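Peer 1: coords please:
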Amino acid sequence: MSETFKVAAVQMVSTPDVAQNFEAAARQVAAAAEQGARLVLLPEYWPIMGMHERDKMAHAEQNGQGRIQDFMAGLAERHQLWLIGGTLPMVAREEGKVLNTSLVYDPSGKQAARYDKIHLFSFVKGEESYNEARTIEYGDTVQTFEAPFGKVGLSVCYDLRFPELYRAMGDCALIVMPAAFTYTTGNAHWETLLRARAIENQCYLLASAQGGKHVNGRRTWGHSMLIDPWGEIVSVLPEGEGLVIGDIDPHRLQYVRDSLPALRHRKL
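Peer 2: Here you go, the predicted structure:
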């Protein structure tokens, strides 16, 4: 592929109300499509950010059936684009837990890939306390899919801190990062880690975040962004609902890799 390919990341401030989140996602995906985006990424937990971490259990879906999956398939088909559905809760093997799953739909609305989040976040600082493993089952398989412009690597939020995951994906043109980074950790590390992953893998990185003060009291960092293979930020949205949009340029990708062939220089 030689022409550019427009991609977009949706930033949301999701609520405990699934219908309300559907409306916000539909609004932003439609806006992205109007601006020519052919691949759109939703953030982690986009369909539900409950009052309690267990609230998502009631919304867990079996693969291939459920209103969240139907909604995403319909959006992809209606706008004729690739839709990467951030994450939604999927039924797990373990009792009392769900999988935090990223689903990909092609422009016909057919499921094209599935990734269950591998690394689960825990963090304690002052009054802040998180432990995803209490309610989420670990995924165990690295996943990529083929888009018209090349291979896309799937990852979610806390995965960003584990560079070996991205190496295991192989040669990607784009890595996606749907996230709900906390304000504290996002402020400290989000941009640095995103740019590092783009630079070391010499590829584009599209990050779609939750960004704002949520009904449940949680505050997320936002700063959804598109980063190019040289680590330059193409576009960023600090906070609030909205879009980040830009092009995947295969010539730029090739230029960076030819001028500094680090991927070919690897020894380990």
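
Peer 1: Please make it C-alpha for all contacts and neighbour counts, starting now.
Peer 2: Fine.

Peer 1: Low-confidence regions, this structure specifically.
Peer 2: For the chain, applying pLDDT under 70 flags the ranges 1.

Peer 1: center of this structure - which residue?
Peer 2: Pro178 (2.0 Å; C-alpha atoms, centre = their mean).

Peer 1: which residues does that residue contact?
Peer 2: Leu41, Leu42, Pro43, Glu44, Gly86, Thr87, Ser155, Val156, Cys157, Ala207, Ser208, Ala209 (C-alpha atoms under 8 Å, 6 or more residues apart in numbering).

Peer 1: can you rerun that using 7 Å?
Peer 2: Taking C-alpha atoms under 7 Å, 6 or more residues apart in numbering, we find Pro178 in contact with Leu42, Pro43, Glu44, Gly86, Val156, Cys157, Ala207, Ser208, Ala209.

Peer 1: Farthest-apart pair in those, please.
Peer 2: Leu42 and Cys157 (12.2 Å; C-alpha to C-alpha).

Peer 1: the more surrounded of the two?
Peer 2: Leu42 (30 against 24; other C-alpha atoms under 10 Å).

Peer 1: Checking the residue nearest to the more buried one when sequence neighbours are not counted next. Helix, strand or coil?
Peer 2: Distances taken as C-alpha to C-alpha, 6 or more residues apart in numbering place Gly86 nearest to Leu42, at 4.4 Å, with adjacent residues excluded. Assigned by DSSP: H, G, I helix; E, B strand; the rest coil, the conformation of Gly86 is coil.

Peer 1: what number of residues lie near Gly86?
Peer 2: So Gly86, with other C-alpha under 10 Å, has 32 neighbours.

Peer 1: what's the answer for Thr101, then?
Peer 2: 23.

Peer 1: Tell me how far it lies from Gln65.
Peer 2: 14 Å (C-alpha to C-alpha, to the nearest Å).

Peer 1: got it, and Cys157?
Peer 2: 25 Å.

Peer 1: For the stretch 151-268 of the chain, just list every one of the strands.
Peer 2: 174-179, 204-209, 224-227, 233-237, 242-248 (DSSP state E, counting those that start in this stretch).

Peer 1: ok, residues contacting the shortest one?
Peer 2: Put plainly, it is strand 224-227. Residues contacting strand 224-227 (C-alpha under 7 Å, 6+ apart): 9, 11, 195, 198, 204-209, 233-238, 244, 246.

Peer 1: PyMOL command for the buried members of those?
Peer 2: Selecting only the buried entries of the contacts of strand 224-227 in PyMOL, with 16 or more other C-alpha atoms under 10 Å as the criterion:
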select buried, resi 9+11+195+198+204+205+206+207+208+209+233+235+236+237+238+244+246
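
Peer 1: Now do the lengthiest helix in the chain: everything it contacts.
Peer 2: The residue-count maximum for a helix in the chain (DSSP state H) belongs to helix 18-34. Helix 18-34 has contacts (C-alpha under 7 Å, 6+ apart) with Ala8, Val10, Ser14, Thr15, Val40, Trp46, Pro47, Ile48, His79, Gly242, Leu243.

Peer 1: Which ones among these map onto strands?
Peer 2: Using DSSP state E, the members of these that fall within strands are Ala8, Val10, Val40, Gly242, Leu243.

Peer 1: just those residues now: which is nearest Arg252?
Peer 2: Ala8 (17.9 Å).

Peer 1: contacting residues for the nearest residue in space to that closest one that is not next to it in sequence?
Peer 2: Of all residues not flanking Ala8 in the chain, Ile245 sits nearest, at 4.3 Å (C-alpha to C-alpha, 6+ apart). Residues near Ile245 by C-alpha under 7 Å, 6+ apart: Val7, Ala8, Ala9, Ser235.

Peer 1: Who are the contact partners of the second one?
Peer 2: When you say that, I think you mean Ala8. Ala32, Ala37, Leu39, Val40, Leu41, Leu243, Val244, Ile245, Gly246.

Peer 1: And for the last one?
Peer 2: Ser235 sits next to Met225, Leu226, Val244, Ile245, Gly246 when contact means C-alpha under 7 Å, 6+ apart.
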